[in-house]
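Novice: sequence? don't have it. structure:
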Ligand SMILES: [Zn+2]
């Protein structure tokens, strides 16, 4: 055998072994780097769609699961049924109330609402977007009028929580008060010492087509998946009897999944504003 032939016989296997070793080294390095990279990524992407969670402080008590049941647009002919269920289930809720002409006769129910440990918060007097979002003066006039309407039944002056109709990021208001109206109102709310809250779980019970109790439960459960803090938007109007019907099952679901039931005024200071969208 010639010398060059002998070389060829050895060179190829050596090259193969070297190539394999190089490949193993590259793969090893990749795997090794991938572990911390993945872990960090996972920690970083904590529920972008859940505004309250990303703001939550990391103390043991505050990382416990919490649900805030909220009802907008009452009181109404449905309120007493809702209160009966909450009493039976022994859980508190927060009512963002209105005092429009067609629901004023139900305002006395607020006395029972407060007596049974629920929170009353401000939503709007008229709830007419065209009026309240015309400009900032109109909005605060509406809130003043709401307070006056509530005053015979509750300590209206002590109420510091509000929820903007349509949520704090609604764009419907732009049609009436321009694109900066919500930013202006949010800034003014903070200056006046108010706290406002949207929602991150929506029952979609004010949507057209009158959803059934089963659909409302499904909507809530679907939105609540994976969230440690849930602010649930429901409605309290003469049209939302199916919300009351779904309520015991909604409460059961949160209870079975280890949530503590709280009113909005129990929300930690870091969790404020933001989120939500449509409906309120
Ligand atoms: Zn509303």
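Specialist: Cool, got the structure. All figures in this text were calculated on a predicted structure; none of them were measured in a lab.

Novice: show the contacting residues for residue 121.
Specialist: Neighbour list for residue 121: 94, 95, 96, 97, 159, 161, 162, 163, 264 [criterion: CB atoms under 8 Å, 6 or more residues apart in numbering]. In short, each C-beta sits where N, CA and C put it, glycine included.

Novice: give the helix, strand or coil label for it.
Specialist: strand (DSSP: H, G, I helix; E, B strand; the rest coil).

Novice: for it, which non-adjacent residue is spatially closest?
Specialist: Spatial nearest neighbour of residue 121, excluding adjacent residues (CB to CB, 6 or more residues apart in numbering): residue 161 at 3.9 Å.

Novice: return the set of residues that bridge with the one you found.
Specialist: Using DSSP bridges, the bridge partners assigned to residue 161 are residue 195.

Novice: run a quick neighbour tally on it.
Specialist: Residues near residue 161, counting by other CB atoms under 10 Å, number 19.

Novice: surely residue 116 is in contact with residue 86?
Specialist: Yes: counting by CB atoms under 8 Å, residue 116 touches residue 86, with 7.1 Å between them.

Novice: what about the two, which has more around it?
Specialist: Shown here are residue 116 and residue 86; by other CB under 10 Å, residue 86 has more neighbours (23 against 13).

Novice: give me the distance between the closest residue to that one other than its chain neighbours and the ion.
Specialist: Leaving aside its chain neighbours, residue 86 sits nearest to residue 93 (5.6 Å; criterion: CB to CB, 6+ apart). When distance is defined by CB to the ion, to the nearest Å, residue 93 is 15 Å away from the ion.

Novice: now do the contacts for residue 93.
Specialist: Residue 93 sits next to 69, 70, 71, 82, 86, 118, 119, 261, 263 when contact means CB under 8 Å, 6+ apart.

Novice: can you check residue 106 too?
Specialist: Residues in contact with residue 106, defined by CB under 8 Å, 6+ apart, are 74, 75, 76, 77, 79.

Novice: let's see 7 Å
Specialist: Contact analysis of residue 106 by CB atoms under 7 Å, 6 or more residues apart in numbering lists 75, 76, 77, 79.

Novice: same deal with residue 190?
Specialist: Under the criterion of CB under 7 Å, 6+ apart, residue 190 has no neighbours.

Novice: confidence score at it?
Specialist: pLDDT, residue 190: 97.

Novice: then the one 3 residues further on?
Specialist: Note on residue 193: pLDDT of 97.

Novice: that one: what's its closest spatial neighbour, skipping adjacent residues?
Specialist: residue 160 (6.3 Å).

Novice: next, count neighbours for that neighbour.
Specialist: Neighbour tally, residue 160, other CB under 10 Å: 14.

Novice: and for residue 260, the neighbour number?
Specialist: With other CB under 10 Å as criterion, residue 260 counts 14.

Novice: give me the number of residues near the residue lying closest to it once chain neighbours are set aside?
Specialist: Using CB to CB, 6+ apart and skipping residues adjacent in sequence, the residue nearest residue 260 is residue 66, 5.2 Å away. Neighbours of residue 66 under the rule other CB under 10 Å: 22.

Novice: what sits against residue 66?
Specialist: Residues in contact with residue 66 (CB under 7 Å, 6+ apart) are 229, 259, 260, 262.

Novice: ok, now residue 83?
Specialist: Residue 83 makes contacts with 112, 113, 116, as judged by CB under 7 Å, 6+ apart.

Novice: let me have the residues you listed in CSV, extended by pLDDT, distance to the ion and secondary structure.
Specialist: What follows is the contacts of residue 83, written out as CSV (pLDDT from 0 to 100; distance: CB to the ion, whole Å; DSSP: H, G, I helix; E, B strand; the rest coil):
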residue, pLDDT, distance to the ion, secondary structure
112, 98, 21, helix
113, 98, 17, helix
116, 98, 22, coil
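
Novice: pull the number of nearby residues for the residue of the stretch 101-250 of the chain found nearest the ion.
Specialist: Nearest residue of the stretch 101-250 of the chain to the ion (CB to the ion) works out as residue 165 at 4.6 Å. When neighbours are counted by other CB under 10 Å, residue 165 registers 24.
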